[in-house]
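Visitor: Return a 3D structure for these sequence lines:
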Amino acid sequence: MEYHADMQRKSRSDERRRHHVVEVFAVLAVAAASTAVTTDHGVPDDAIHAGVPAVDATIDFNRDVRPILVARCFACHGPDASTRKRSLRLDVRAGAVEPAKPGRRPAVLPHDASGSLLLERITDDLDPMPPSGEPLTTDEVEILRRWIDAGAEYDGHWSWKPIQDPAPPTVEEDRSATVRNDLDRFIDDRLHAEGLTAADDATPARQIRRLAFDLTGLPPDRESIEGFERDPSDEHWNRIVEAYLASPAFGERWGRHWLDLVRYAETYGHEFDYPVREAWRYRDWVVRAFNQDLGYDRFVAEQIAGDLLDPRPNPVDGTNESVIGTGHWYFHQAVHAPTDVTQDQSERISNQLEVFGQGFLGLTVACARCHDHKFDAISTRDYYALSGYLQSMHQGYAYLDPHARIADSVARLEDAGPSPDVRSTLTPPTRLAAYLVAAAAARPNRTADGKAWKPIDLERIETVADARDLDPDLLGRWAETFRDDAWRSADHPWRAWVLLGHDGAIDDEASRRDRQGQVIPNIDLIIDEDATVLESFDGPTPDLRWYPTGWAWTGTEDVVTPRLGTLASDDGDQRLQGTIRSETFTLDRRFLHWRVRGDGNGARIRLVVEGMMMDEFNALLFGGYRRDVASNDGWRHVVNDTRLQSGSRAHLELIDDGPGRLEVDAIWMSDRGDGRLPGEDLPDWIDAARGEDSNGLADAFANAATDAGGSNRYREPLRDRLIDAGLWGDTGAEADANRQAVNAEERRRNKIAGDIPTPVRVLAALEGSGVDPNVSIRGSHRTPGEVAVRSFITSISGEPTTPDDSGSGRLELVETIFAESNPFPARVMTNRVWHHLFGRGLVATTDDFGGLGEMPSHPELLDHLASEFRTNWSVKDLIRSIVLSSAYRRSSVPAEATADRMRSIDPSRSLLAAAPIRRLQAEAIRDSMLFTSDRLDPTRGGASVGTHLTPFMNGRGRPGRSGPLDGDGRRSLYLEVRRNFANPMLAAFDLPAPMTTVGRRNSSNVPAQSLVLLNDPFVHEMAVAWAESILADAAIGSDDARARHLWRQAFAVAPTDEDVRTIVDHVSESTDRLEAWTDVTHALYNAKAFVHLD
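Guide: Numbering: from 1, shown residues only. You can find the predicted model right below:
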């Protein structure tokens, strides 16, 4: 044999030799372990020909006529009025049989095809319809002719019709051997009608290999294969099915199918490929949901409104599982600097509704964005009504509380009652001004480089203290405290005194002017009489509706309660974290003003415009909209200039994500970039700071800090900083006693609360106020039309009612989606399950059940399964009913008696006279290599393994370091999914790009796949590992046994003696046994049978 001769030529390079060996064994493997692995396609895969059957004795409108009208007529004469030509409408019978305008001929004359204008135009050689594209075929013309002659009756689209539960057909006794359950009765009935004979069961090895990959995505182990070969009974099959359904690998396999639908990714793509933080938690949630067999209705409900549902506790740590499902909304791509933020939101919502429509409903909802859907009963109003739900919720992070430790702490604090305000009960010092002036007098000098302060001169402290009758210890503390430049930082409440008075700038004209410009709040000097107050927090309830998550702002309640004219995040405990989001409002003034203060890390304010969240990574056009507020507890006046987003919708976020606090006094809008609200006071020390008298400034600050009759807004920050620094008193002992009193109360509260762990953050959709958007004429927000109140698709649910604007209305949306009258969720998911088990759905167009989609191959069977599915929404029960059928267990070799007819009338094998031959999906191929090489790490869940970077994977957003070549042995599900840096091997085998819903992956056969199997370093590494494992297995004592073991691992079926002989001969001729066995394992990986199911 020529290949063997090439293999024995030792002078050739190892690489060339290896390739020849691969070719030999790959050819043998295909011949011995597989039937034909190519699929015949005799039907064009395009919308024009989709579903057009050969001429039949009877005409069915949905099966025969609708596909022709959809593909050839609806673009100009369909439901979209904006593009309808000559007012002719062919999607409804009235439009076809009545004149489009007075005086015109009807397009269709029922029972008179020869006199119908429709037939006349489509057969006009000089001016045919449609005006572009291919003319109708002879068969298509004949179908329309016979339909008109029969009366031109219309029928509602099959997928809009209610689900029926037809009785299973009766099967004659002579065909009953192929029937194991009711599913088989429907399949057999169609086969009998088409004159086809069902193939026998596949061999036990092929059956169990098919089942293992379909249910777990991994090969079966040898013991299971041989056990089923010994006992291929139905009872044994049932036990194997239950074992695979109960395996944790089941959720990993079926979870990956779902991730295709929601375009799961862990980066946003575009220029810098910024991360989608915590995305992997959604992935793990999906896996858990499938393993737990979470009811599909609840599974979908949690993804639409999981933040609003009653919590579903995680069985391990008790956290709320429901909210995690909402994260899928935000796996869209995103740009960080859109010049038109409203248009950018429109693009994101279009993608979200595309995924929602196709993924959950099998309908191309997004096609109605610019005009009424051209082929389905989905209006533009429907599209914008659905978009209102998305504009009424906000992207953010939900806080999870493992084992309820945070909730328990909060409950203990609330049971203990409010903490007494110890600070306000402390006696104010009477000599505060004296200490301020004395500390300035005892101030040390700066170092020569001006970067630090020299040490305190204790003798000078004593001298100054004695001269002024002050406590020298306390004075030393004052002097030491003011050496800390944090007291000179912007927003610190004592900054003006320290820079002007303590440092002596007030005594020097040049320095005084410079420092006065820094410390006097010029932004607040003018009163803005025309301001629009959004939130004052002056009353017992806020002016805006606020929507909380976490515990910092509201504890265990959902009610936001101001106190003393402000809202603070530390009323319970500074360690608690949380966020509140405002209702949506319109940016109709140029400037947005905040008066806030904060202390510690994690205190943050944020203006979110049209859902734009990418300023977290790169602000650019949204600079300053997301601000940290570590102001040393001094008040800060923040101004956002929103001129670039004028007229846009926005909401506010107050975030406390650290061990500190955030307090907000007021939020307002104005056309001015400066000014304070009417009724707001300036700090009492302002006038003194404008002067030249340090003593007067000290008196002003002392009075502002101690006068109970003054402004509480400014007194508290001044007082509290002194208490915390141990300076609140006339002596050191008094100051220590005051600080200890405060600390004692804090210790008491901390003891009550106990340890408060950091919450787990998950990407989530969070509730907001109701938004009913305008229809965008032709998809442009610059040309608004009528208001579309939030509602579901009218042709399914009926006319909408006015929703409540206090919330998004997503709970009501879930109820509508799963109403008995909506057939889509059950049919679509049933079809998806069928598709994943047979490689083709009962409806081949898994993501489009509309006009451009195909008719079901078995409509009654689809409804029978969907009806059963709706009884309990159990995906595992649905899968079980299918894999227990004869149809699933069938051989891929057609019955000889009707093999030629099957190839003629059913080249796609959708009728299931024989099992379709399918290529494994990308992840299953890679995971099989890990499995066979004994390198598979079965660890479940957790953060994704970083992408392995090749030298060719370059560009912006490239990760800082590469992940391991073998992905740490983890299943492909757990590899990081980066939009701009896809795994090359998985991409070659058609892992879909995460752009939109993909319910049916491509199954290509291209040279790149062969090159990957030949040359990819991962494949080589796994081949070596597989060879090492077979040589290290002491239980396998001969090369003959090793060859048989490898073959079983690769293909499940037993090898022929010739296969074994070829392998053993090659190994025996080599002096390097590891290299020789690596040749074999690499060759087996390259076999077509390794990457296909038959």
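Visitor: could you dump the longest helix seen in the chain to PDB, C-alpha only?
Guide: If you go by DSSP state H, the chain has its longest helix at helix 732-753. Backbone C-alpha positions of helix 732-753 (Å, rounded to 0.1, in the frame of the first residue of the first chain) are rendered in PDB as follows:
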ATOM      1  CA  GLY A 732      -7.300  65.700  75.800                       C
ATOM      2  CA  ALA A 733      -9.300  63.800  78.300                       C
ATOM      3  CA  GLU A 734     -12.500  65.300  77.100                       C
ATOM      4  CA  ALA A 735     -11.700  64.700  73.500                       C
ATOM      5  CA  ASP A 736     -10.800  61.100  74.200                       C
ATOM      6  CA  ALA A 737     -13.900  60.500  76.200                       C
ATOM      7  CA  ASN A 738     -16.100  61.900  73.400                       C
ATOM      8  CA  ARG A 739     -14.300  59.700  70.800                       C
ATOM      9  CA  GLN A 740     -14.600  56.700  73.000                       C
ATOM     10  CA  ALA A 741     -18.400  57.300  73.500                       C
ATOM     11  CA  VAL A 742     -18.800  57.300  69.700                       C
ATOM     12  CA  ASN A 743     -16.600  54.300  69.300                       C
ATOM     13  CA  ALA A 744     -18.400  52.400  72.000                       C
ATOM     14  CA  GLU A 745     -21.800  52.900  70.200                       C
ATOM     15  CA  GLU A 746     -20.200  51.800  66.900                       C
ATOM     16  CA  ARG A 747     -18.700  48.700  68.600                       C
ATOM     17  CA  ARG A 748     -22.100  47.900  70.200                       C
ATOM     18  CA  ARG A 749     -23.800  48.100  66.800                       C
ATOM     19  CA  ASN A 750     -21.000  46.100  65.200                       C
ATOM     20  CA  LYS A 751     -21.400  43.400  67.800                       C
ATOM     21  CA  ILE A 752     -25.200  43.300  67.100                       C
ATOM     22  CA  ALA A 753     -24.600  43.000  63.400                       C
END
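Visitor: Which secondary structure elements does the next helix or strand after it sit against?
Guide: Using DSSP states H and E, the helix or strand that follows helix 732-753 towards the C-terminus is strand 760-767. Using 3 or more C-beta pairs under 8 Å, 6 or more residues apart in numbering; DSSP states H and E, the elements in contact with strand 760-767 are helix 279-291, strand 393-400, strand 546-550. Quick note: C-beta positions are derived from backbone N, CA and C, even for glycine.
Visitor: Mind doing that once more with 6 Å?
Guide: Here strand 760-767 touches strand 393-400, going by 3 or more C-beta pairs under 6 Å, 6 or more residues apart in numbering; DSSP states H and E.
Visitor: Now Ser670. Nearest residue, chain neighbours left out?
Guide: Leaving aside its chain neighbours, Ser670 sits nearest to Ala531 (4.4 Å; criterion: C-beta to C-beta, 6 or more residues apart in numbering).
Visitor: how deep is that neighbour tucked in, by neighbour count?
Guide: Ala531 sits with 20 neighbouring residues when counted by other C-beta atoms under 10 Å.
Visitor: so who does it touch?
Guide: The contact partners of Ala531, by C-beta atoms under 6 Å, 6 or more residues apart in numbering, come to Trp668, Ser670, Leu677.
Visitor: sorry, back to before: which positions within the longest helix of the chain qualify as buried?
Guide: Gly732, Glu734, Ala735, Asp736, Asn738, Arg739, Ala741, Val742, Arg749, Asn750, Ala753 (16 or more other C-beta atoms under 10 Å).
Visitor: need the contact list for the first one.
Guide: Taking C-beta under 6 Å, 6+ apart as the definition of contact, the neighbours of Gly732 are Asp471, Asp473, Leu474.
Visitor: sorry, back to before: which one of the contacts of Ala531 sits closest to Thr58?
Guide: Among the contacts of Ala531, Trp668 lies closest to Thr58 (C-beta to C-beta), at 71.7 Å.
Visitor: helix, strand or coil for the closest one?
Guide: The three-state assignment at Trp668 reads strand, by DSSP: H, G, I helix; E, B strand; the rest coil.
Visitor: For it, which residues are in contact?
Guide: So Trp668 contacts Ala531, Val533, Leu534, His593 (C-beta under 6 Å, 6+ apart).
Visitor: Compare the residues you listed and tell me which is most surrounded.
Guide: If you rank these by neighbour count (other C-beta under 10 Å), His593 sits at the top with 25 neighbours.
Visitor: quick revisit: of all pairs in the buried residues of helix 732-753, which one is the farthest apart?
Guide: Gly732 and Ala753 (31.0 Å).
Visitor: which parts of the strand or helix carrying Arg870 are buried?
Guide: Using DSSP H and E, Arg870 sits within helix 859-872. Under the neighbour-count criterion of 16+ other C-beta under 10 Å, helix 859-872 has Pro859, Glu860, Leu861, Leu862, Asp863, His864, Leu865, Ala866, Ser867, Glu868, Phe869, Arg870 buried.
Visitor: Quick check: of those residues, which lies closest to Asp127?
Guide: Using C-beta to C-beta, the buried residues of helix 859-872 come closest to Asp127 at Pro859, 37.9 Å.
Visitor: how deep is the residue nearest to that closest one when sequence neighbours are not counted tucked in, by neighbour count?
Guide: Once flanking residues are discounted, Pro859 sits nearest to Trp158: 6.6 Å by C-beta to C-beta, 6+ apart. Trp158 has 21 neighbouring residues, counting by other C-beta under 10 Å.
Visitor: And Ala987, by the same measure?
Guide: Ala987, neighbours per other C-beta under 10 Å, totals 14.
Visitor: for Glu235, same thing?
Guide: 7.
Visitor: how far away is it from Val883?
Guide: Using C-beta to C-beta, to the nearest Å, we find Glu235 at a distance of 15 Å from Val883.
Visitor: got it, and Ala1087?
Guide: Ala1087 is 26 Å from Val883, by C-beta to C-beta.
Visitor: So for the two, which sits in the more crowded spot?
Guide: Ranked by neighbour count (other C-beta under 10 Å), Ala1087 and Val883 place Ala1087 first, with 25 against 22.
Visitor: before we move on, the earlier item: do I have it right that the residue nearest to Pro859 meets Asp60?
Guide: No. With contact defined as C-beta atoms under 6 Å, Trp158 does not reach Asp60; the gap is 9.4 Å.
Visitor: list the contacts for Asn703?
Guide: Going by C-beta under 6 Å, 6+ apart, Asn703 touches no other residue.
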